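A.B. asks: model this:
(2 chains)
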Amino acid sequence: MKAWFQRLRRMYADTPLTAWMLGALVAVGVEWFFGADLAAILGLGTPPSFFGLSILLDKTRFMLIPGVLLYVILVYLLPTFLVAKVVTPWARMLEDRLPPRVYVIFSLAFLYLIMHLWSLGSDYRLLVLRLLGINIILTLSLNLVNGWMGEFSVAVAGFMAVGAYVASILMVWGFVNDDVFGPAVFPESWAPFAFPVVLIIAGAVTAVTALLVAIPSFRTRGDYLAIITLAYLFIVKSTFENLDFIGGPRGFMNQPKVAEQLWVVFIWVVLAIWTIRNYVTSTYGKATSAVRDNELAAEMMTVDTRKVKTIAFLTHAFWSGVAGGLYAHVLGYINPSSFGLVKSAEILGMLYLGGLNSVTGSVLGAVLFTLLSEILRPLRRAKWIVIPIILIVVMIKRPRGLLGFQELQIPFFRRRQARERAQGPSSGPGRGQEAQA
Amino acid sequence: MSTSQILQQVFNALQLGSFYALIALGYSMVYSILMLFNFAHGDVFMVATYIGYGIATLLLSLAASMAFNLPGWVTFTLTLLLTMFVASFVGVLVELVAYRPLRDAPRASAAITGLMVGIFLETAVLTLVGASNLNFPELIKPTTYRIGSVYITNIKVLTLILSFGLMILLHLFIQKTKIGMAMRAMSYDYAVIPLMGVPLNTIISFTFALGSALAGAAGVLYGMAYPVLNPYMGVLVGWKAFVAAILGGRGSILGAVLGGFLLGAIEILVAAVFTSTLRDLIAYSIVLLILTFRPYGLFGEEHSARLRL
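C.D. replies: Have a look, this model is predicted:
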């Protein structure tokens, strides 16, 4: 069995991403045309909406497992692997001709196409994919502080709450005839165009409230950020519970339907990954890492530690706020108790599962955690017995998380680097000088 | 507000504060030795309260089945001691599972395992006892004394006396005994002291046991003061005790105690002056304000978290 897996792994070791995506596209197509028939033949009724993960632990439906397994193999795995192997040479040829920027845009468009077609299958898929996107933004933004900055923030849920409420209030005030906020100020058709602006405002407001935390905490080093962010979380939650005009503890609804489509969330996820990746590879990102490793030494190397820490923290707050605004409009309902410590613990779980200081790690953590909660969904409350145990085991076996302090390499960039290395030091002016020195 | 009302509130504040103080001591001791916040401590307190409930009910039903009439204070003392004993094992177990394997790992990983153990305990208790709220049995018949125009229940007096007694005992233990000396030494230098022949794991386990025993005592007293138990009280009370420990200053026994009483006073004051829904909002805002001006807490030191008075 193990040898067989190793053979498979070797066979697919250098398969380009484009080939995998083509395979996935074919798999989605197979499901589109034959999914319903196959599900009927296998006695599943309807095609499993999320790879049938939710029935694994379901007492009443466990006899469907063989059928679902067969369905997943026939519809998803077999076409993906077959097509990926077949098209590998062409995909590689294509990838070698594309410049990096074009390649990235092309891949993202391709990825979106696959997810979009797949999400057409059921509303549940659409919802889970959108929530997954929001979790990716949250995990990445938290990684900035807990990973690159090396402090411990638990305020994600608080930032989310501020972003969610600010965005909801602005959208309801502007575009909905509401009992509290009066008639809509702008025509409703403007709502989708105003939504990005509103989200940015929500993120900015969140960042301003985060200054409250940043000012006292960055005078000290160590665990004080944990306390102060905890206090912030409780203050925010308590504030929203006491504001009656936005529903208090009953919650706030009536958000206009502006995040119903997958692409709305997808674009924000791409923006978040892009900006945060650029941030951490920039001089500021390096300075943030330097502060984590040794604040005193960083300061001696002319790093303005206070400024660097504040910027990282405010970026964290901004993106968490944006994610909160998205969350409010994806669900169409928010209440203060959904932004408690458990929400923060969930995001912390995703972060530490994926690994600190890793963009791909955060994405992986969010995806794995979402799949895990999908498997555990039938357990309902007992889910929170299993998830902690899994996370404790992961922490003990791999204290730095699955991808801590490393990135997953995309084959395209690996091949490109290898090619550049083979061409020698003359490929760029910067490199040439280094070689001479 | 009249003087008698103020005095009344002072007693309420002292009672609430002593719960926070007893739990805060556990946070502070563990932090001073391991430089790590035991995020599961609040839930250890919650579990201890349920253990206290179990022991008390067991004792009462045993006494009833043998037609044996124990006086109230005997059952209470037995419950308190047994709960403290069992709760200390819960603390040791938490350390064994969540912190010991991660001794050399980044501290944030240990914080995550602590958080997760806390969530695990909450959900486990919730699943075991169900969502129904249990009622802590009445161990001592509540009587109300009247001094002037101030009413004090005997439970309040008991809580105050016992918690002050336990705090003094803890202080004496840390200052006078050999294990206490080892704990102080380890909080001074975690790396070198084990080389001097101090058994690292024993001392750490003992610290956790001590803190959890105090949380157990707080649990029994809390159960008697607020008889309705629910699995989330670890979150409600524990996090506030955590904040109290920070407010007092890491590693300082007196600081943790005073931080607890201060937080209790703030909460009671807010509930008396404004409405109780604003309690968290104002209490945490004050905490934020205090930490802005005294970032290391009231009795904290900048570069150390030594275990001290």
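A.B. asks: buried residues of the helix or strand containing residue A:65, list them for me.
C.D. replies: If you go by DSSP states H and E, residue A:65 is part of helix A:65-71. Neighbour counts using 16 or more other Cβ atoms under 10 Å in any protein chain shown place A:67-68, A:71 of helix A:65-71 among the buried residues. The C-beta positions use only the backbone N, C-alpha and C, and glycine is treated the same way.
A.B. asks: now residue A:140: closest residue in space, sequence neighbours ignored.
C.D. replies: Sequence neighbours aside, residue A:362 is the residue nearest to residue A:140 in space, at 4.6 Å (criterion: Cβ to Cβ, 6 or more residues apart in numbering or on different chains).
A.B. asks: same deal with residue A:345?
C.D. replies: residue B:115 (5.4 Å).
A.B. asks: so, low pLDDT: which residues of chain A?
C.D. replies: Residue ranges of chain A with pLDDT under 70: A:219-222, A:424-437.
A.B. asks: the helix or strand hosting the residue nearest to residue A:140: what's the following helix or strand?
C.D. replies: Using DSSP H and E, residue A:362 sits in helix A:359-376. Per DSSP H and E, helix A:359-376 leads on to helix A:383-397 as the next helix or strand towards the C-terminus.
A.B. asks: got the angle for that following helix vs helix A:359-376?
C.D. replies: 140 degrees (axes from the mean of the first three to the mean of the last three Cα atoms, to 10 degrees).
A.B. asks: report all helices and strands that helix A:383-397 contacts.
C.D. replies: In this structure, helix A:383-397 packs against helix A:341-354, helix A:359-376, helix B:107-129, with contacts taken as 3 or more Cβ pairs under 8 Å, 6 or more residues apart in numbering or on different chains; DSSP states H and E.
A.B. asks: and the longest one, which residues are buried?
C.D. replies: Think helix B:107-129. B:108-127.
A.B. asks: over to the first one?
C.D. replies: Neighbour-count burial for helix A:341-354 flags A:341, A:343-354 (criterion: 16+ other Cβ under 10 Å).
A.B. asks: thinking again about what came up before, can you redo the helices and strands packed on helix A:383-397 as JSON lines with distance to residue B:8?
C.D. replies: Formatted as JSON lines, those follow (distance: least, Cβ to Cβ, whole Å):
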{"stretch": "helix A:341-354", "distance to residue B:8": "33"}
{"stretch": "helix A:359-376", "distance to residue B:8": "48"}
{"stretch": "helix B:107-129", "distance to residue B:8": "33"}
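A.B. asks: out of those, nearest to residue A:385?
C.D. replies: Nearest of the helices and strands packed on helix A:383-397 to residue A:385, taken as Cβ to Cβ: helix B:107-129 at 4.8 Å.
A.B. asks: the closest one versus helix A:383-397: what angle between them?
C.D. replies: Using the same axes, to 10 degrees: helix B:107-129 against helix A:383-397 is 150 degrees.
A.B. asks: right, and the helix or strand after helix B:107-129?
C.D. replies: Counting by DSSP H and E, what follows helix B:107-129 is strand B:134-135.
A.B. asks: what lies in contact with that following strand?
C.D. replies: B:50, B:53, B:227-229 (Cβ atoms under 8 Å, 6 or more residues apart in numbering or on different chains).
A.B. asks: go through those and name the one nearest chain A.
C.D. replies: residue B:50 (16.1 Å; Cβ to the nearest Cβ).
A.B. asks: helix or strand right after the helix or strand where the closest one lies?
C.D. replies: Element membership for residue B:50, per DSSP H and E: helix B:41-65. Counting by DSSP H and E, the element after helix B:41-65 in chain order, helix or strand, is helix B:72-94.
A.B. asks: that next one - contacts with which helices or strands?
C.D. replies: helix B:41-65, helix B:200-225.
A.B. asks: most packed of those helices?
C.D. replies: helix B:200-225 (a mean of 24; mean count of other Cβ atoms under 10 Å in any protein chain shown).
A.B. asks: if you average pLDDT over that one, what comes out?
C.D. replies: Mean pLDDT, taken over the full extent of helix B:200-225, equals 93.
A.B. asks: against which helices or strands is the helix or strand that that helix is followed by packed?
C.D. replies: Later in the chain than helix B:200-225, the nearest helix or strand by DSSP H and E is strand B:228-229. If you count contacts as 3+ Cβ pairs under 8 Å, 6+ apart, strand B:228-229 packs onto helix B:41-65, strand B:134-135.
A.B. asks: quick one: distance of strand B:228-229 to the chain centre.
C.D. replies: When distances are taken as Cα atoms, centre = their mean, to the nearest Å, strand B:228-229 is centred 17 Å away from the chain's centroid.
A.B. asks: next SSE after it?
C.D. replies: helix B:233-248.
A.B. asks: show me what contacts the residue nearest to the spatial centre of chain A?
C.D. replies: For chain A, the residue lying nearest the average C-alpha position, counting by Cα atoms, centre = their mean, turns out to be residue A:136 (1.0 Å). Residue A:136 makes contacts with A:269, A:272-273, A:362-363, A:366-367, as judged by Cβ under 8 Å, 6+ apart.
A.B. asks: gap between the residue lying closest to it once chain neighbours are set aside and chain B?
C.D. replies: Residue nearest to residue A:136 in three dimensions, not counting chain neighbours: residue A:366, with 4.5 Å by Cβ to Cβ, 6+ apart. Separation of residue A:366 from chain B (Cβ to the nearest Cβ, to the nearest Å): 16 Å.
A.B. asks: no more questions from me, cheers.
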